[in-house]
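Enquirer: Quick one: sequence and predicted model below, then my questions.
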Amino acid sequence: MKNLILAAFAAMTILIGGGAAVARNVDEDKAVIEMLLGETPVTAESFTPGFLEAVPLEKVREVLKAASEQIGPVVSIKALDEVYRVTTATHEMDVLLTRDAKGRISGLLLHPPVALNKSLAELADELGALPGEVAYLVTRNGEVLASRDADKPLAVGSAFKLGILAALNDRIAAGKAHWSDTVELEARQVSLPSGILQTFAVGSPLTLSTLATLMISISDNTATDVLLDYVGREAVAAKLGTEFVLKTREVFLLKGNKALRERFLGADLAGKRALADEMDGQTVRMADVEMNPHDQGIEWYVPLERLCALASTVKGLDAMRANPGLANKRDWAQVSYKGGSEVGVLNMTTAALAKDGDLYCVAFTWNGEDALKEADAAAPYGAILGLLARE
């Protein structure tokens, strides 16, 4: 079985290891969870070899120690449909645990802990206290529950792809295209990771549905640039409320070429369009890219108010439901997520439909001059989602 590791934050790290799981034994599982969150460091014997190949033992210990320190001593563990709900004096945390026939842990997922004694305002204040430029927005059915600089355009990384998806959805809703339509990958559209399509042969046929899913679920940059060509820059710019929208490959090219970057930053709209045509003929290489904190003007700047509106518009599309972000899917009727990051940039945007029918949006952007400690933002952000789900 393929191993998957997704690090989310210090006390909520998702660790899925390989190995066949067996039917759960509730009493034994509870004892294992208590052991994992106890004071004694775990040993390698508790895990399958496949799990530890994916997640080194020291990393496992680090994650469990951070989780234990955040939530405190375990008071009770309750078996739910697929997970176990751990309750302490201050938090609730859902844990997904799978073990093999020998009782060894083959899969472990710690969901974001929900603070039992913190309000939305207190959690929002934790986000607002982060250094640098911070914006957040929490809404329920369009009503603002918490907000800070939600109308300010900040760098949002790949979250701009919501604008492409919305423009594509408009074309399909108008009958001008269908999800099953195919386009061929062109050399001028090949970008750099994240993603997988940069490894595909030029000329490969790709459906609009496949491109949209890859763009949102794994933030595939080449899929993004194909779709940006397909729907047009002007349509996406209108969705994002901006004058000009860069392709991902253009961002990489500009990061790797100071002279080209200075020309772009000094250009008017017509000049930027001309430079984009010029960059179509250039090959982008990872070796040329400087992954320093984002260069002002070489990014996508979108206010949270617009991102929430876009996320709410496309929330029902299959592409939006492939990756729940930091939300616990079992807490919601539907979860849609898109985030973005680079050095000095972090965005998380979640549109979540509650089981009672209320629609929430939780969006957050953080810009800084240096690498950001994403865990510091992910903890309160995930806690906000957990708090809202339990209202």
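Expert: Ah, there it is.
Enquirer: which residues in the protein form helices?
Expert: Assigned by DSSP state H, the helices in the chain fall at 26-36, 49-54, 57-71, 120-128, 161-173, 208-217, 221-231, 233-240, 248-255, 258-265, 269-280, 304-314, 374-389.
Enquirer: Out of those helices, the one nearest Arg148 is which?
Expert: Put simply, out of the helices of the chain the one that sits nearest Arg148 is helix 120-128, at 5.5 Å, with distance taken as Cβ to Cβ. Yep, even glycine has a C-beta here, placed from its N, CA and C like the rest.
Enquirer: related to what we said a few turns ago, mind putting the helices of the chain in CSV, distance to Lys338 and mean pLDDT included?
Expert: Conversion of the helices of the chain to CSV gives the following (distance: least, Cβ to Cβ, whole Å; pLDDT from 0 to 100):
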stretch, distance to Lys338, mean pLDDT
helix 26-36, 31, 96
helix 49-54, 26, 92
helix 57-71, 25, 91
helix 120-128, 18, 97
helix 161-173, 5, 98
helix 208-217, 6, 97
helix 221-231, 11, 98
helix 233-240, 13, 98
helix 248-255, 14, 95
helix 258-265, 26, 95
helix 269-280, 24, 96
helix 304-314, 7, 98
helix 374-389, 14, 91
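Enquirer: can you list these in a markdown table and add mean neighbour count and distance to Arg148?
Expert: Listed next are the helices of the chain as a markdown table, based on neighbours: other Cβ atoms under 10 Å; distance: least, Cβ to Cβ, whole Å:
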| stretch | mean neighbour count | distance to Arg148 |
| --- | --- | --- |
| helix 26-36 | 16 | 36 |
| helix 49-54 | 18 | 38 |
| helix 57-71 | 17 | 24 |
| helix 120-128 | 17 | 6 |
| helix 161-173 | 22 | 20 |
| helix 208-217 | 23 | 26 |
| helix 221-231 | 24 | 28 |
| helix 233-240 | 19 | 20 |
| helix 248-255 | 24 | 27 |
| helix 258-265 | 14 | 28 |
| helix 269-280 | 14 | 31 |
| helix 304-314 | 23 | 9 |
| helix 374-389 | 23 | 13 |
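Enquirer: Nearest to Tyr84, out of these?
Expert: Each of the helices of the chain has some distance to Tyr84 by Cβ to Cβ; the shortest is helix 26-36, at 5.8 Å.
Enquirer: who's in contact with that closest one?
Expert: Contact partners of helix 26-36, identified using Cβ atoms under 8 Å, 6 or more residues apart in numbering, comprise 42, 46, 64, 74, 77, 79, 84, 86, 95, 97, 99, 103, 105, 108.
Enquirer: which one of the helices of the chain lies closest to Glu186?
Expert: Ranking these by their distance to Glu186 (criterion: Cβ to Cβ) puts helix 221-231 first, at 7.8 Å.
Enquirer: the inter-axis angle of that closest one versus helix 161-173?
Expert: Angle between the axes of helix 221-231 and helix 161-173 is 50 degrees (criterion: axes from the mean of the first three to the mean of the last three Cα atoms, to 10 degrees).
Enquirer: how far is helix 221-231 from where the chain is centred?
Expert: 19 Å (Cα atoms, centre = their mean, to the nearest Å).
Enquirer: now what about that helix, what contacts it?
Expert: Residues from elsewhere that reach helix 221-231, judged by Cβ under 8 Å, 6+ apart: 158, 161, 164-165, 167-168, 171, 183, 185-186, 189-195, 197-198, 200, 206, 208, 210-212, 214-215, 236, 245, 247-249.
Enquirer: 7 Å instead?
Expert: If you take Cβ atoms under 7 Å, 6 or more residues apart in numbering as the criterion, helix 221-231 is touched by 161, 164, 167-168, 171, 183, 185, 189-195, 197-198, 206, 211-212, 214-215, 236, 245, 247-249.
Enquirer: Just the C-alphas of stretch 235-252, formatted as PDB.
Expert: Output in PDB follows, covering the C-alpha atoms of stretch 235-252 (Å, rounded to 0.1, in the frame of the first residue of the first chain):
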ATOM      1  CA  ALA A 235     -11.900  35.900 -17.200                       C
ATOM      2  CA  VAL A 236      -9.700  34.900 -14.300                       C
ATOM      3  CA  ALA A 237      -8.600  38.500 -13.600                       C
ATOM      4  CA  ALA A 238     -12.300  39.500 -13.400                       C
ATOM      5  CA  LYS A 239     -13.000  36.700 -10.800                       C
ATOM      6  CA  LEU A 240     -10.000  37.700  -8.700                       C
ATOM      7  CA  GLY A 241     -10.600  41.400  -9.000                       C
ATOM      8  CA  THR A 242      -7.100  42.100 -10.400                       C
ATOM      9  CA  GLU A 243      -5.700  43.600 -13.500                       C
ATOM     10  CA  PHE A 244      -3.400  40.800 -14.700                       C
ATOM     11  CA  VAL A 245      -3.000  37.200 -13.700                       C
ATOM     12  CA  LEU A 246       0.400  35.500 -13.900                       C
ATOM     13  CA  LYS A 247       0.800  31.800 -14.900                       C
ATOM     14  CA  THR A 248       2.700  29.700 -12.400                       C
ATOM     15  CA  ARG A 249       5.500  29.100 -14.900                       C
ATOM     16  CA  GLU A 250       5.800  32.900 -15.400                       C
ATOM     17  CA  VAL A 251       6.200  33.300 -11.600                       C
ATOM     18  CA  PHE A 252       9.000  30.800 -11.700                       C
END
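Enquirer: start the count at 382, not 1, going forward
Expert: Let's use 382 as the start, then, which means that last one is stretch 616-633.
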